[in-house]
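Colleague: model the following, please.
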Amino acid sequence: MCKQKIRCNQILIFNFKRIQSSIILVREEKKTIISQYNDLVKQKIIISFHVIIQMEMDNKKHQIKQQIDLLSTKLYLSFKKKDQLKVKKIQKKQSKTKSSEQLLQSTQNFVLSTSKSHKITTESIQKTQNNKNLKNKIKEQSISKRIVVLATQSNLILKNYFKNIIQL
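Modeller: Sure thing, here's the model as predicted:
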């Protein structure tokens, strides 16, 4: 009878240690999965931000080329006219004013588009964070279910143990 008690105690200790190690493994697995998920989200955000910046830079280059072509044409026409010096001075002043205004306008547009992309990126980060929180809740629920199952199993083992002791 004593040997059976010792054996039952050993089984209970073994099952308890097994449950503890399973819980530890699940927690470690959860941490690594969350870390990997966060790294992927960061990489995706960085890549999308770089794409947006590149698109804006390409757009700026195109606008600047158009402005240069326009100014070159105006300057060429001004040289053809009889009163070259007066026209040239007037055109320079006008073109400087226009290019400054255009540059200011394009800068404002760039700032506006950058703020929009920042807003989109911020919303994307918020959605990603919400998704991450939801996934964490789901994972925690599954971990809780596992713990409940393991606790139920250990309770059954304890009941059988005490039943065997009572029968002896």
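Colleague: where in this protein is the helix or strand with the lowest mean pLDDT?
Modeller: Ranking every helix and strand in the chain by mean pLDDT, DSSP states H and E puts helix 84-167 at the bottom, with a mean of 76.
Colleague: by contact count, what packs against that one?
Modeller: Under the contact definition 3 or more Cβ pairs under 8 Å, 6 or more residues apart in numbering; DSSP states H and E, helix 84-167 sits against helix 2-80. From N, CA and C alone the C-beta is placed, and that goes for glycine too.
Colleague: what's the helix it packs on packed up against?
Modeller: Counting contacts by 3+ Cβ pairs under 8 Å, 6+ apart, helix 2-80 packs against helix 84-167.
Colleague: quick one, the helix it packs on and helix 2-80 angle?
Modeller: Orientation check (axes from the mean of the first three to the mean of the last three Cα atoms, to 10 degrees): helix 84-167 against helix 2-80 gives 170 degrees.
Colleague: how far does helix 84-167 sit from its chain's centre?
Modeller: For helix 84-167, the distance between its averaged C-alpha position and the chain's averaged C-alpha position is 5 Å (Cα atoms, centre = their mean, to the nearest Å).
Colleague: distance of Gln102 relative to Leu150?
Modeller: For Gln102, the distance to Leu150 under the criterion Cβ to Cβ, to the nearest Å works out to 70 Å.
Colleague: I meant to write Ile23 there.
Modeller: Using Cβ to Cβ, we find Ile23 at a distance of 8 Å from Leu150.
Colleague: have a look at the two and say which one is more surrounded.
Modeller: In this view Ile23 and Leu150 are compared by other Cβ atoms under 10 Å, and Leu150 has more residues nearby, 17 against 14.
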